[in-house]
Structure formats: C-alpha cells, structure tokens
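S.K.: fold the following, please.
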Amino acid sequence: MIHGLAGSGALMLVVLSTVDSVISGLSYIALFGLGSIVGMLAVSTVIGLPFAFTAKKFERMNKCIRIGAAMVSMGLGISIMYEIGMVEQLFLI
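M.R.: Residues are numbered from 1 along each chain as shown. Predicted structure coming up:
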C-alpha cells in the first residue's frame, strides 16, 4: 500500500504523455520497472540486514528486533486505519 501511495503510476503517465514514439515509451517503462525493482531490492536488503546478522549469535536481540518491527508495523497500520476511517470519516455514515 505504501508503495502505491508513492505516486509512481502518476509519474509514469506524466512522462509517457510527453514521449513521442512507442519505442521510447516502452523503453521508459522497462527502465522505470528495472529501477523500481533494483530500488526495492536495495531497501529490502538494508532493512533485512539487522535480522540476518543477529539470527544465530544474538537470538534474544533478534527476537527483540522482530517484535519491535512487528509492533511498529501494527502501529502504523492502526494509525492509517484510524486516519482514513475516523479523521477522513470513511467509516462514519
């Protein structure tokens, strides 16, 4: 969901509206897709490093990191649901 909120689809449409040939448009889409894949791979790797480094030697620290990441994820999800549902009144009739 967060990735979808980044606006990459809108950015692609804006750029593609200025492209004058089909080949250029397809090349842009391919390069944009490859850049997205490489970028997400890099960020996922950096985020996963603490889990990988602490998995064997520091099992207790690894468990704390996993629990902390889970709590932050759940807190962010609850916050987003509250913002959309209550503040923007999606759930209120």
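S.K.: quick one: low-confidence parts of the chain?
M.R.: 1-7, 93 (pLDDT under 70).
S.K.: regarding it, what is its longest helix?
M.R.: Of all the segments assigned as helix in the chain under DSSP state H, the longest by residue count is helix 22-54.
S.K.: and that helix, which residues are buried?
M.R.: For helix 22-54, the neighbour count (16 or more other CB atoms under 10 Å) marks 25, 50, 54 as buried. C-beta coordinates here come from the backbone N, C-alpha and C atoms, glycine included.
S.K.: what's the domain layout of the protein?
M.R.: Structural domains of the chain, as assigned by automatic domain parsing, span the residue ranges 1-54, 58-93.
S.K.: just the buried residues of the shortest one, please?
M.R.: Buried residues in domain 58-93, counted by 16+ other CB under 10 Å: 62, 65.
S.K.: report the distance from that domain to the chain centre.
M.R.: On the basis of CA atoms, centre = their mean, to the nearest Å, domain 58-93 sits 15 Å off its chain's mean C-alpha point.
S.K.: repeat for the first one
M.R.: Distance of domain 1-54 from the chain centroid (CA atoms, centre = their mean) equals 10 Å.
S.K.: kindly report the same for stretch 52-69.
M.R.: Using CA atoms, centre = their mean, the mean C-alpha position of stretch 52-69 is found 22 Å from that of the whole chain.
S.K.: which residues touch residue 83?
M.R.: With contacts defined as CB atoms under 8 Å, 6 or more residues apart in numbering, residue 83 has no neighbours.
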